[in-house]
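> give me a model of this one.
(2 chains)
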Amino acid sequence: GDSVTQMEGPVTLSEEAFLTINCTYTATGYPSLFWYVQYPGEGLQLLLKATKADDKGSNKGFEATYRKETTSFHLEKGSVQVSDSAVYFCALTLRGGYQKVTFGTGTKLQVIP
Amino acid sequence: EPEVTQTPSHQVTQMGQEVILRCVPISNHLYFYWYRQILGQKVEFLVSFYNNEISEKSEIFDDQFSVERPDGSNFTLKIRSTKLEDSAMYFCASSPGGLSTDTQYFGPGTRLTVL
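Residues are numbered from 1 along each chain as shown, chains lettered A, B, ... in the order given. Presented below is the predicted three-dimensional model:
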């Protein structure tokens, strides 16, 4: 079945450090890929998405590139802020109609001043 | 910006009681979903709903669960007889039709505590 594997957390970084959260996937079809973010006490917010190979999704300084050859969708940010502290979920869905989202386990990021 | 809303934000119930979790999806969306997240675990798919019927359900979604879109705006999840293991955060989501069907927008969640 479809699955998403992301790096274990928690990840602790100093403010302005470079962030990478690794994500790889397995899918039977041709998926769309997503990063969702969950801030403390809040719900899931769509951070960025990519729908085909070599697409780059970006938002709020975060980027991720859909790499079909390595089945990866790593999340990066050049300079993190304290306000980026949250849990980040990599996810996929197959194309076409009503398709469930398959989530990774989530990676908790803590940014310290 | 339109958003998915859910009520209540927190529900506490006794084991064996029925609960109804409510969601108002984004108004022009056609596909509706429920997911749950047990504390510290990954978000899991429960059910998808389209054109007034269930499209897909997971093995978690047994006979104790049901969904309904009673009035064209609300989307509800009912748990008939709650168990301790039903304690979780429940997320509603919706997605538009057409080319953007793959993007689901999530509500803030309802935390269900079964005592």
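> enumerate every residue touching residue 46.
Because you didn't say which chain, this covers chain A. Residues near A:L46 by CB atoms under 8 Å, 6 or more residues apart in numbering or on different chains: A:34-36, B:103-106. For the C-beta atoms, the positions are set from N, CA and C on the backbone; glycine is no exception.
> hmm, I had chain B in mind actually
Counted by CB under 8 Å, 6+ apart, B:L46 has contacts B:33-36, B:57-58, B:60-61, B:65, B:77.
> what about residue 11, neighbour count?
Answering for chain A, as no chain was given. The tally of other residues near A:V11 (other CB atoms under 10 Å in any protein chain shown) stands at 17.
> look at chain B instead
Neighbour count for B:Q11, taken as other CB under 10 Å: 16.
> just say helix, strand or coil for it.
Assigned with DSSP: H, G, I helix; E, B strand; the rest coil, B:Q11 falls in the strand class.
> with adjacent residues omitted, what lies nearest to it?
In space, and not counting its chain neighbours, B:Q11 is closest to B:L112: 5.1 Å by CB to CB, 6 or more residues apart in numbering or on different chains.
> and the one you found, what pLDDT?
B:L112 carries a pLDDT value of 97.
> near chain B, which residues of chain A?
With CB under 8 Å from any CB of the partner chain as the criterion, chain A meets chain B at residues A:32, A:34, A:36, A:42-46, A:49, A:51, A:89, A:93-106.
> just the buried ones out of these, please.
Among the residues of chain A next to chain B, the ones that count as buried by 16 or more other CB atoms under 10 Å in any protein chain shown are A:32, A:34, A:36, A:43-46, A:49, A:51, A:89, A:93-94, A:98-106.
> okay, and which of those residues map to strands?
Mapping these onto strands (DSSP state E) picks out A:32, A:34, A:36, A:44-46, A:49, A:89, A:93-94, A:102-103.
> and those residues, which two are furthest apart?
Farthest pair in these (CB to CB) is A:Q45 and A:L94. Separation: 21.8 Å.
> hmm, back to that, mind listing residues that contact the helix or strand where the residue nearest to B:Q11 lies?
Following DSSP states H and E, one finds B:L112 within strand B:110-114. Contact partners of strand B:110-114, identified using CB under 8 Å, 6+ apart, comprise B:6-15, B:19, B:21, B:79, B:82-90.
> now B:S48: how far from B:V24?
According to CB to CB, to the nearest Å, B:S48 and B:V24 sit 17 Å apart.
> where in the chain is pLDDT low?
Let's take chain A. Residue ranges of chain A with pLDDT under 70: A:96-98.
> you looked at the wrong chain, it should be chain B
Ranges of chain B meeting pLDDT under 70: B:98-101.
> where exactly do the strands run in it?
Going by DSSP E, chain B shows strands at B:5-7, B:10-13, B:19-24, B:31-37, B:43-50, B:53-57, B:65-68, B:75-79, B:88-95, B:105-106, B:110-114.
> redo these as TSV? Include distance to A:D55.
Formatted as TSV, these follow (distance: least, CB to CB, whole Å):
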stretch	distance to A:D55
strand B:5-7	31
strand B:10-13	38
strand B:19-24	30
strand B:31-37	22
strand B:43-50	23
strand B:53-57	26
strand B:65-68	33
strand B:75-79	31
strand B:88-95	19
strand B:105-106	20
strand B:110-114	34
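> this completes my enquiry, with thanks.
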